[in-house]
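> Output the structure for:
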Amino acid sequence: MLTISNKNMTRKQYQWVKITLVVILAAVFSQSIIYGNYLIPIAVLIIITLVLLYLRRQLKEVIADERDYQTAGKAAGLSIQIYAWVTVIAMLILYSQKDLNPAYEIIAMVLAYSTCFLMLLYAFIFRYYNKISLSDKKSIYIFVGVLFFIILTIFGLRLFSGEDDWLCKDGQWIKHGKPSFPAPTKECK
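Just a heads-up that it's a prediction; the model follows:
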């Protein structure tokens, strides 16, 4: 059993605790998905994140230096570019096949919007960190960011509102609006 003495952790202790918490998180996620409970993993993820932040403050050793941060920045930028290319190509292929299966169109749109969101988020965060002394423009950036997330929330509510969907009533799937896909094949209870 790993024991943490004093108030300071060693780097090795921190790494072991981090690995252990990730394994616990993976187990909770897998079991929650099996049982169809999606709120528990979110709560556990938040708790583990807070625990790791607290333990990181207890650590007095250097975990990474400037070169590590520079490498991480380059890796993140390249990862975003690769993700964008792969998802755009996948989106185009799936969208071209929407006549074979209507679900391909939905998947293509999710890929397109997630890529746009990732690119906009990256641009916003890059701009923020690139201009550390924002002083007079800081409020503009905050306003644009909040406005963006409000628009994204409204769009998400509309997208997932179930306006054009199939509803289960009295053991039958009934059209609500004009769904662009056939009735679900699973049993309606």
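> drop to CA atoms for contacts and neighbour counts, all remaining ones
Fine.
> Tell me the buried residues in the longest helix along the chain?
Longest helix of the chain, by residue count under DSSP state H: helix 66-96. Neighbour-count burial for helix 66-96 flags A84, T87, V88, A90, M91, L94, Y95 (criterion: 16 or more other CA atoms under 10 Å).
> Tell me how far K189 lies from V144.
From K189 across to V144, the span is 45 Å (CA to CA, to the nearest Å).
> So between the two, which is more surrounded?
More crowded of K189 and V144, by other CA atoms under 10 Å: V144, with 12 against 9.
> Please identify which helix or strand holds that one.
Counting by DSSP states H and E, the element that carries V144 is helix 138-159.
> Please work out the average pLDDT along the stretch of helix or strand I46 belongs to.
I46 is part of helix 39-58, with elements assigned from DSSP H and E. For helix 39-58, mean pLDDT rounds to 88.
> Helix or strand with the lowest mean pLDDT in the protein?
helix 138-159 (a mean of 72; mean pLDDT, DSSP states H and E).
> And the next helix or strand past that helix?
Following helix 138-159 toward the C-terminus (DSSP H and E): strand 165-169.
> Whichever helix or strand comes after that next one pairs with which strands?
Moving toward the C-terminus from strand 165-169, the next helix or strand (DSSP H and E) is strand 172-176. Paired neighbours of strand 172-176 in the sheet (DSSP bridges): strand 165-169 (antiparallel).
> Could you list the residues in contact with the strand it pairs with?
With CA atoms under 8 Å, 6 or more residues apart in numbering as the test, strand 165-169 has contacts from W173, I174, K175, H176, G177, K178, P179, A183, P184, C188, K189.
> Mind doing that once more with 6 Å?
Strand 165-169 is contacted from outside by W173, I174, K175, H176, P179, C188, using CA atoms under 6 Å, 6 or more residues apart in numbering.
> Pick out the most distant pair among the residues you listed.
The span of the contacts of strand 165-169, defined through CA to CA, is set by P179 and C188 at 16.9 Å.
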